[in-house]
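Novice: Structure for the following, please:
(one chain, ligands or ions: 1)
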Amino acid sequence: MTDVKRLYLMQVAFSPERNTPFVCYLVQLNDGRNVLIDSGLPDMVQPPPGVVMPQLSQNVVEQLGSIGIQPEDIQYVIATHFDGDHAGRLDSFKQAEFLVQRSHYENAQTNPRFERTKNQWGNPDLHFRFLDGDTELFPGLRVVQTDGHAKGHQSVMVTLPNTGVVILAIDAVPNQEAYTLERQLRPVDDNLEEMIASTKKLMDLEEREKAALVVFGHDGDQWATLKKLPAFYD
Ligand SMILES: [Zn+2]
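Specialist: Numbering: from 1, shown residues only. Presented below is the predicted three-dimensional model:
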């Protein structure tokens, strides 16, 4: 049983130096409602020191527009976490309901890491619904809390009518190499033990749900093999 019709993958930027895509997702429901997952980079990004600016592709609003979807057609935005490459355009979707883990939102209030995007997620015009852990949003669309990269980070599980279960790991597992319990803490991560526990959680989920696909958050090799908007998974 699934209310989900389609899953679109959008690449909004790419860093050739690191073979790293920056991405968002769109889930379309059978009743025509649209759920955006993350919003990509803002127009002007001041990269942290030492970080090479990725090459920007069409931004999320432009990509949605290319398949006839306007920002006001987005009813929900799942904010996986508030890093600059995921939360850069949240305020383009002011009429949507934002779904975020309560623990992430609370952590972001005082964590300097999320100061850069506070002009987005801290915008008083945005309407948030706070989630406490794993939550089924609709039949076939679940968020899965995966701390470690960030407090209250969330991954997403989508059950499609033909493809089956797709797990969007987001930054809980940035690439295939990191899909192991021998994780290393990178400067961009928050907590190693939680990251390992979240990796295990996603591995267990993949097995239990017999997932057809696990999409890693920033894996250039994998992204080259995936269908991207205007193509979609159904
Ligand atoms: Zn990221």
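Novice: List the contacts of Gln101.
Specialist: Residues near Gln101 by C-beta atoms under 8 Å, 6 or more residues apart in numbering: 130-133, 143, 145, 152-154. Yep, even glycine has a C-beta here, placed from its N, CA and C like the rest.
Novice: what about the strands in this protein?
Specialist: Using DSSP state E, the strands of the chain run over 4-15, 20-29, 34-37, 55-56, 74-78, 97-101, 127-131, 135-138, 141-145, 154-160, 164-170, 213-216.
Novice: Relative to Glu177, which of those strands is closest?
Specialist: strand 213-216 (9.0 Å; C-beta to C-beta).
Novice: I'd like to know which elements the closest one is packed against.
Specialist: On a contact count with 3 or more C-beta pairs under 8 Å, 6 or more residues apart in numbering; DSSP states H and E, strand 213-216 meets strand 164-170.
Novice: got the buried residues for the strand it packs on?
Specialist: 165-170 (16 or more other C-beta atoms under 10 Å).
Novice: returning to that earlier point: would you list the strands of the chain in JSON lines and tack on distance to the ion and mean pLDDT?
Specialist: Shown next, in JSON lines, are those (distance: least, C-beta to the ion, whole Å; pLDDT from 0 to 100):
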{"stretch": "strand 4-15", "distance to the ion": "11", "mean pLDDT": "96"}
{"stretch": "strand 20-29", "distance to the ion": "7", "mean pLDDT": "97"}
{"stretch": "strand 34-37", "distance to the ion": "12", "mean pLDDT": "98"}
{"stretch": "strand 55-56", "distance to the ion": "15", "mean pLDDT": "86"}
{"stretch": "strand 74-78", "distance to the ion": "14", "mean pLDDT": "98"}
{"stretch": "strand 97-101", "distance to the ion": "15", "mean pLDDT": "98"}
{"stretch": "strand 127-131", "distance to the ion": "19", "mean pLDDT": "98"}
{"stretch": "strand 135-138", "distance to the ion": "21", "mean pLDDT": "98"}
{"stretch": "strand 141-145", "distance to the ion": "16", "mean pLDDT": "98"}
{"stretch": "strand 154-160", "distance to the ion": "12", "mean pLDDT": "98"}
{"stretch": "strand 164-170", "distance to the ion": "7", "mean pLDDT": "98"}
{"stretch": "strand 213-216", "distance to the ion": "11", "mean pLDDT": "98"}
